[in-house]
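Q: Here is a sequence together with a model predicted from it:
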Amino acid sequence: MSILLKKGNYLVISLVIAIFFLFIAFFTNATSPSSTEPVQVLENYLNSVKNMDVDRAATYVIDERYKDNGTKIKSYKKMFQEEKLANYKIESVKFEDKQHALVETTLEIEGGPKVKNNFKLIEQDGQWKVFFSNK
């Protein structure tokens, strides 16, 4: 009977250890920013710009430069036509903290040179957004 208890103890201990590691893995993923999240949002934004889909591009953005969405959309349409994005490359992602990331890119504008550009992304209400400051 004591042999059965010892085998049962090993099973219980093994289950407790397994649950502990699963909890740690889940907790770590839940609190650590994932570099794919801001990159995916930026890629969605840049693909929308590249495809001249102004309305969709605007959904990925917090833009303090405009008072209202209508003015923002009108300005974006003009910008997208004047400087057409031909291609882009994500170079690096740096997290300032859990809610702020800086993504370095190389942008290729039609008929122009390749340009290095840093995009700031912020997490707001659980969603990453490309952030343009009015400053």
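A: Right, received. Where do you want to start?

Q: neighbours of residue 100, just the number please.
A: Residue 100 has 15 neighbours, counted by other C-beta atoms under 10 Å. Where C-beta positions appear, they are placed from N, C-alpha and C, glycine not excepted.

Q: May I see the buried residues of stretch 122-130?
A: Buried residues in stretch 122-130, defined by neighbour count with 16 or more other C-beta atoms under 10 Å: 123, 128, 129, 130.

Q: Touching it from outside, list them.
A: 33, 37-38, 40-42, 45, 60-62, 98-101, 119-121, 131 (C-beta atoms under 8 Å, 6 or more residues apart in numbering).

Q: of the residues you listed, buried ones?
A: 33, 38, 41, 42, 45, 60, 61, 101, 119, 120, 121, 131.

Q: Tell me where this protein is predicted with low confidence.
A: Confidence mapping of the chain against pLDDT under 70 gives the ranges 1-35.

Q: and it, what are its domains?
A: Per automatic domain parsing, the structural domains of the chain span 1-32, 33-132.

Q: which residues does residue 63 form a beta bridge with?
A: On the basis of DSSP bridges, residue 63 is bridged to residue 132.

Q: so how far is residue 112 from it?
A: Using C-beta to C-beta, to the nearest Å, residue 63 is found at 23 Å from residue 112.

Q: who has more neighbours, the two?
A: Per other C-beta under 10 Å, whichever of residue 63 and residue 112 has more neighbours is residue 63, with 17 against 11.

Q: mind listing what residue 58 touches?
A: Counting by C-beta under 8 Å, 6+ apart, residue 58 touches 69, 72, 73, 76.

Q: Reduced to three states, what does residue 104 come out as?
A: strand (DSSP: H, G, I helix; E, B strand; the rest coil).
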